[in-house]
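# Okay, here's the prediction I keep looking at, along with the sequence it came from:
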Amino acid sequence: MTTLTPPPPELDVVDPDVTPGPDLTPPPVGRNLMTIPWIARSLRSGWYPKIFQIPVAAVFGLVAYQLLVGPDVAHENAGTALMWVLWWPVIPIVFVLLGRFWCAVCPFGAISDFAQKWVGVNRPVPNFLKNYGIWIIDASFLAITWADHVWGVVESPWGSGVLLLLLTTAVIASGALFQRRTFCRYLCFLGGLSGNYARTGMVELRADSGICKTCKAKAVCYNGNDKVAGCPLFTFPRTMEDSANCNLCANCIKSCPNDAIQVRLRKPTSELWFITKPKIEQSMLAMAIMGIVLIQN
């Protein structure tokens, strides 16, 4: 479910977000899980994260089918139960335990990869999205909440199904037009939510800056190679200082020829206390989410 074609030459780390500069990665803390043989083998396996993507995609298909053609009453519709009663409450628990791991197995990511593989033109991400994507996410989160308040989307199986169809259309359009998972990084409201709260996660992926300084692989961890796709969220491990845009897909682990990528355990929320570049748009999203929860409850 990932694109295996080698990246074009123009992708050799020209994005200012990932251009090599000062090593920003803080000193490693906690146990490096890559020293545990079965975990290292699993993350380097071609079956990861496919082994999670396949059943998640099957459940996603079932949910979409039930929402669109199942019973009209919410409490009788299996899709509504799976989406809003089971999945939605579990997502915050996933954030605390594994950070943005959901984005590695999310069906929308697989749909984007599929569209890009077959009809993608691989245009660069517009600067507008890089600069204002998080504000679009903020607005879409509020818009969806408003739509639920006015039309009762959560309590309407058909309304929830239409929401899934609209998101799927946006994902396909983004995958057809732009590089990698542009929608997931810059437009997905759940991606923005998971990016914010990935900072609370107990698992972090970081590069060993000492090894990276001597690397001659031309940023293969970012660009990918002929067997492994590049980072889907446009993140360069060597300069990554937080987990907001890392979904633990392990592409960089598989492509790194020097075993420089570490996956470590850490205390929950520990990253929040060491943010060196706070951004008002991310704070606005956090405040909007807190406000929505307070109002709804």
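Yep, that arrived.
# which non-adjacent residue is nearest the most centrally placed residue in the chain?
With distances taken as Cα atoms, centre = their mean, Cys103 lies nearest the centre of the chain, 3.5 Å away. Nearest-residue entry for Cys103: Asn247, 3.8 Å, with adjacent residues in sequence omitted and distances by Cβ to Cβ, 6 or more residues apart in numbering. (Glycine included, C-beta is placed from N, CA and C.)
# didn't Ala250 look like it was pressed against Trp47?
No. Distance between Ala250 and Trp47: 10.8 Å, which falls outside the contact criterion (Cβ atoms under 8 Å).
# between those two, which one's more packed in?
Taking other Cβ atoms under 10 Å, Ala250 and Trp47 do not tie; Ala250 has more neighbours (19 against 10).
# quick one: the more buried one and Gly46, what's the gap?
Taking Cβ to Cβ, to the nearest Å as the measure, Ala250 falls 10 Å from Gly46.
# so how far does stretch 252-265 reach from one end to the other?
18 Å (Cα to Cα, to the nearest Å).
# circling back to that earlier point, by contact count, what packs against the helix or strand encompassing the residue nearest to the centre of the chain?
With secondary structure defined by DSSP states H and E, Cys103 is part of helix 102-105. Secondary-structure packing of helix 102-105 (3 or more Cβ pairs under 8 Å, 6 or more residues apart in numbering; DSSP states H and E): helix 50-69, helix 88-98, helix 189-197.
# for the ones you listed, which one ends up most surrounded?
When the helices and strands packed on helix 102-105 are scored by mean count of other Cβ atoms under 10 Å, the highest mean neighbour count falls to helix 189-197 (a mean of 23).
# thinking again about what came up before, I'd like to know which of the helices and strands packed on helix 102-105 is closest to Pro37.
Distance to Pro37, taken as Cβ to Cβ, is lowest for helix 50-69 among the helices and strands packed on helix 102-105, at 17.8 Å.
# any idea how far the closest one is from the chain center?
Its chain's average C-alpha position is 18 Å from that of helix 50-69, according to Cα atoms, centre = their mean, to the nearest Å.
# all strands of the chain, in order?
203-207, 261-265 (DSSP state E).
# Tell me how many other residues surround Leu265.
Close neighbours of Leu265, defined as other Cβ under 10 Å, add up to 13.
# ranking the strands of the chain by burial, who's on top?
It is strand 203-207: most buried of these by mean count of other Cβ under 10 Å, with a mean of 23.
# For that one, report the contacting residues that lie outside it.
Applying Cβ atoms under 8 Å, 6 or more residues apart in numbering, the external contacts of strand 203-207 come out as 25, 28, 30, 33, 97-99, 101, 221, 237-238, 240, 243, 246, 248, 252-253, 256, 260-266, 271.
# and if you look at stretch 148-168?
63-64, 66-68, 70-74, 77, 79-80, 83-84, 108, 111, 144, 147, 188.
# Pull out the buried residues from that stretch.
148, 153-154, 156-157, 159-164, 167-168 (16 or more other Cβ atoms under 10 Å).
# sorry, back to before: select, out of the helices and strands packed on helix 102-105, the one closest to Cys231.
Minimum separation from Cys231 across the helices and strands packed on helix 102-105 (Cβ to Cβ) falls at helix 189-197, 14.1 Å.
# Send me the closest one as PDB with only the CA atoms.
What follows is helix 189-197, C-alpha atoms only, in PDB (Å, rounded to 0.1, in the frame of the first residue of the first chain):
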ATOM      1  CA  PHE A 189      -8.300  17.500  10.400                       C
ATOM      2  CA  LEU A 190      -7.600  14.100  12.100                       C
ATOM      3  CA  GLY A 191      -3.900  14.400  11.000                       C
ATOM      4  CA  GLY A 192      -3.700  17.800  12.600                       C
ATOM      5  CA  LEU A 193      -5.300  16.500  15.800                       C
ATOM      6  CA  SER A 194      -2.900  13.500  15.900                       C
ATOM      7  CA  GLY A 195       0.100  15.700  15.100                       C
ATOM      8  CA  ASN A 196      -0.700  17.900  18.100                       C
ATOM      9  CA  TYR A 197      -1.200  15.100  20.400                       C
END
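# all helices for the stretch 101-250 of the chain, in order.
In the stretch 101-250 of the chain, the helices defined using DSSP state H, counting those that start in this stretch lie at 102-105, 107-119, 127-151, 157-177, 182-186, 189-197, 209-212, 220-223.
# Columns distance to Trp88 and mean pLDDT on top of those helices, output as TSV?
Below are the helices of the stretch 101-250 of the chain laid out as TSV (distance: least, Cβ to Cβ, whole Å; pLDDT from 0 to 100):
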stretch	distance to Trp88	mean pLDDT
helix 102-105	12	92
helix 107-119	15	91
helix 127-151	12	87
helix 157-177	11	92
helix 182-186	18	93
helix 189-197	10	87
helix 209-212	38	86
helix 220-223	33	92
